[in-house]
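Enquirer: Predicted coordinates and the sequence they were generated for:
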Amino acid sequence: MTFEKHILCIGAGYVGGPTMAMIAHQCPQYRVTIVDINPDRIAQWNSDVLPIYEPGLDELVKATRNRNLFFSTNIEQGIRENEIIFVSVNTPTKTFGTGAGMAADLQYWEKTARQILEHSTSPKIVVEKSTLPVRTAQAMERILNTSQNHVRFDVLSNPEFLAEGTAINDLKNPDRVLIGSRETEEGLKARNTLAEIYANWVPREKILTTNIWSSELSKLVSNAFLAQRVSSINAISALCEKTEADISEVARAIGTDSRIGSRFLNASIGFGGSCFKKDILNLVYLCRYYGLEDVADYWEGVIKINGYQQERFVRNMLTAMFNTLSGKRICLFGFAFKANTGDTRESPAIYVARRLLEEQAEVVITDPKALDNARIDLADARGTVHFVDDPYEAARGCHAIAIMTEWALYGELDYARLYRQAEKPAFIFDGRNILDPRRCFELGFNVFSIGKRPLTHF
Ligand code: NAD
Ligand code: UGA
């Protein structure tokens with residue numbers, strides 16, 4: 001069969017995999033190849049057990065794999081044979097040198113750009129899918145256009161807005177697709193080629209086009225605004241706990257104002273995930289680079305409140321449990337950074353688990369999808385940690401249950417049974433406000449929610 005377009009994606013991660021599976025599914029007339037330097041990851045994508053858990057992903061991959069979706073480690077061949085190349089490699093925070101702890105580490109990106117340059121023999125459209133600092137596309141263009149072999153490269157910015165756990169729906173029905181390009185004749189032509197791909201299933205009015213820098217900046221700002229909402233509601237949750245206002249009531253009261261909106265106002269143990277912190281740090285670094293210290297401080301506050309919220313959670317546990325956790329068995333319900341994913345990157349549960357171990361507590365962790373990652377995250381932790389599949393087994397004989405992830409299953413457990421099995425006095429710390437605190441209290445638990453009055457029997 002001849003295909004209308006040949007598309008490559010470099011980087012088979014949480015973004016590359018689902019995004020390309022969606023393109024392959026919506027556009028059977030295109031051939032889509034995903035490559036990665038990690039052979040284990042590619043082997044998993046080609047197996048029955050995919051490397052990431054994402055609802056709906058298995059079906060999509062099964063329907064398209066080896067039909068018009070291919071996973072491979074042959075990056076060079078991929079570059080040679082495809083005219084549109086998405087780059088979706090990781091862009092972690094730099095850990096060394098100038099900008100350490102703040103700026104994006106662009107080494108993976110630059111390596112990829114050089115590889116594209118080396119192996120290209122025909123014109124390519126290179127699409128930034130990774131989240132990158134403003135002006136990266138320009139740097140990429142400079143690297144690519146040093147070519148002696150007169151191959152033409154057009155670089156586009158096409159940031160991804162999917163959220164884990166809802167990735168398939170987000171990709172199928174996006175609020176918008178953003179494409180940034182140079183506003184030259186060639187740039188606009190490349191932009192239209194990419195827009196044509198999305199137009200196979202996304203309404204044209206949802207495909208936004210901007211200049212390349214606006215597109216890069218919009219991705220950072222979008223994550224910064226989302227994270228800022230979580231930090232705002234979490235900051236107010238601390239005040240609620242002091243004043244006996246209830247954060248759920250406050251969130252509902254403010255969220256019904258259509259200018260504010262009701263989503264992303266769930267108070268919690270703090271935001272996690274691989275991107276919010278990284279992208280805000282990146283924004284902060286950019287602001288400082290351009291001498292905008294006040295603007296940088298403003299956004300840095302979002303991260304500070306997030307750290308404060310996590311530490312506050314541990315301190316509340318310590319205070320409630322008579323100022324010592326030493327030798328106490330504490331069960332963490334959930335380890336993923338949010339429900340419906342096995343991803344634990346930057347999960348607040350990592351921080352909480354480590355702090356509890358520092359306090360010499362014994363930690364028992366349960367999670368339906370994230371236990372393998374939890375084991376890796378805590379491999380170097382000192383102290384006693386157990387990983388248990390069954391939540392009832394995990395909680396047996398524990399002094400406290402702490403809810404770290406809002407998995408629906410934790411709302412549906414038999415808390416009367418959990419109470420019977422618990423060490424007394426029994427405590428619940430609901431870091432996601434998913435339980436009915438009054439009902440748990442009536443069963444005998446001492447209940448501490450976020451931003452609500454504690455319900456205690458003493
Ligand atoms: P990831 O770590 O899951 O995947 C990145 C993949 O790239 C890895 O499999 C890695 O082996 C591969 N890779 C690295 N260097 C390579 C190279 N030189 N050649 C080939 N493969 C290489 O990362 P992710 O979560 O998919 O994120 C990718 C980018 O997308 C990041 O910039 C991130 O900020 C952005 N993003 C992520 C999400 C999300 O929900 N995870 C959402 C939107 C945007
Ligand atoms: C987020 C954005 O929502 C995506 O648009 C973006 O593409 C992605 O980051 C990215 O660039 O990586 P994600 O991190 O997968 O997606 O998940 P979110 O639903 O945004 O949740 C992030 C964190 O905030 C989670 O830990 C979640 O539990 C927490 N959160 C979210 C709250 O504590 N309260 C809320 O009301 C909402």
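Expert: Arrived safely. Ligands and ions are numbered 1, 2, ... in the order given.

Enquirer: okay, which residue is most central for the chain?
Expert: Relative to the mean C-alpha position of the chain, the nearest C-alpha, by CA atoms, centre = their mean, is the one of residue 273, at 3.7 Å.

Enquirer: okay, now the domains of this protein?
Expert: The record's domain parsing of the chain by automatic domain parsing lists 5-202, 212-458.

Enquirer: Just send these back as a markdown table, with mean pLDDT too.
Expert: Output for the domains of the chain, formatted as a markdown table (pLDDT from 0 to 100):
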| stretch | mean pLDDT |
| --- | --- |
| domain 5-202 | 94 |
| domain 212-458 | 97 |
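
Enquirer: Mind putting these into JSON lines with distance to ligand 1?
Expert: From N, CA and C alone the C-beta is placed, and that goes for glycine too. Below are the domains of the chain laid out as JSON lines (distance: least, CB to the nearest ligand atom, whole Å):
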{"stretch": "domain 5-202", "distance to ligand 1": "2"}
{"stretch": "domain 212-458", "distance to ligand 1": "5"}
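
Enquirer: longest helix anywhere in this protein?
Expert: helix 212-243 (DSSP state H).

Enquirer: so what does that helix touch, helix or strand wise?
Expert: Under the contact criterion of 3 or more CB pairs under 8 Å, 6 or more residues apart in numbering; DSSP states H and E, helix 212-243 touches helix 136-144, strand 153-157, strand 177-181, helix 247-255, helix 276-289, helix 293-320.

Enquirer: I'd like the ones you listed as CSV, with mean neighbour count appended.
Expert: CSV is the format used below for the helices and strands packed on helix 212-243 (neighbours: other CB atoms under 10 Å):
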stretch, mean neighbour count
helix 136-144, 18
strand 153-157, 25
strand 177-181, 24
helix 247-255, 16
helix 276-289, 22
helix 293-320, 17
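
Enquirer: which stretch among these comes nearest ligand 2?
Expert: With respect to ligand 2, and counting by CB to the nearest ligand atom, the nearest of these is helix 276-289 at 5.9 Å.

Enquirer: excluding its backbone neighbours, what's nearest residue 151?
Expert: residue 120 (4.8 Å; CB to CB, 6 or more residues apart in numbering).

Enquirer: same question, residue 273
Expert: Nearest non-adjacent residue to residue 273 (CB to CB, 6+ apart): residue 337, at 4.8 Å.

Enquirer: got a list of what residue 441 touches?
Expert: 447, 455, 457 (CB atoms under 8 Å, 6 or more residues apart in numbering).

Enquirer: which of those tops the neighbour count?
Expert: Counting neighbours by other CB atoms under 10 Å, residue 447 leads the contacts of residue 441 with 26 neighbours.

Enquirer: just to confirm, which helix or strand has the closest residue to residue 53 other than its chain neighbours in it?
Expert: Closest residue to residue 53 apart from its sequence neighbours, by CB to CB, 6+ apart: residue 342 at 4.2 Å. Assigned by DSSP states H and E, residue 342 belongs to no helix or strand.

Enquirer: contacting residues around residue 342?
Expert: Applying CB under 8 Å, 6+ apart, the residues near residue 342 are 52-53, 336, 367, 369-370, 372-373.

Enquirer: Check these and tell me the two furthest apart.
Expert: 52 and 367 (14.7 Å; CB to CB).

Enquirer: among the contacts of residue 441, which are in strands?
Expert: Secondary structure from DSSP state E places residue 447 of these in strands.

Enquirer: from the contacts of residue 441, which are also near ligand 2?
Expert: Among the contacts of residue 441, no residue is within reach of ligand 2 (CB under 6 Å from any ligand atom).
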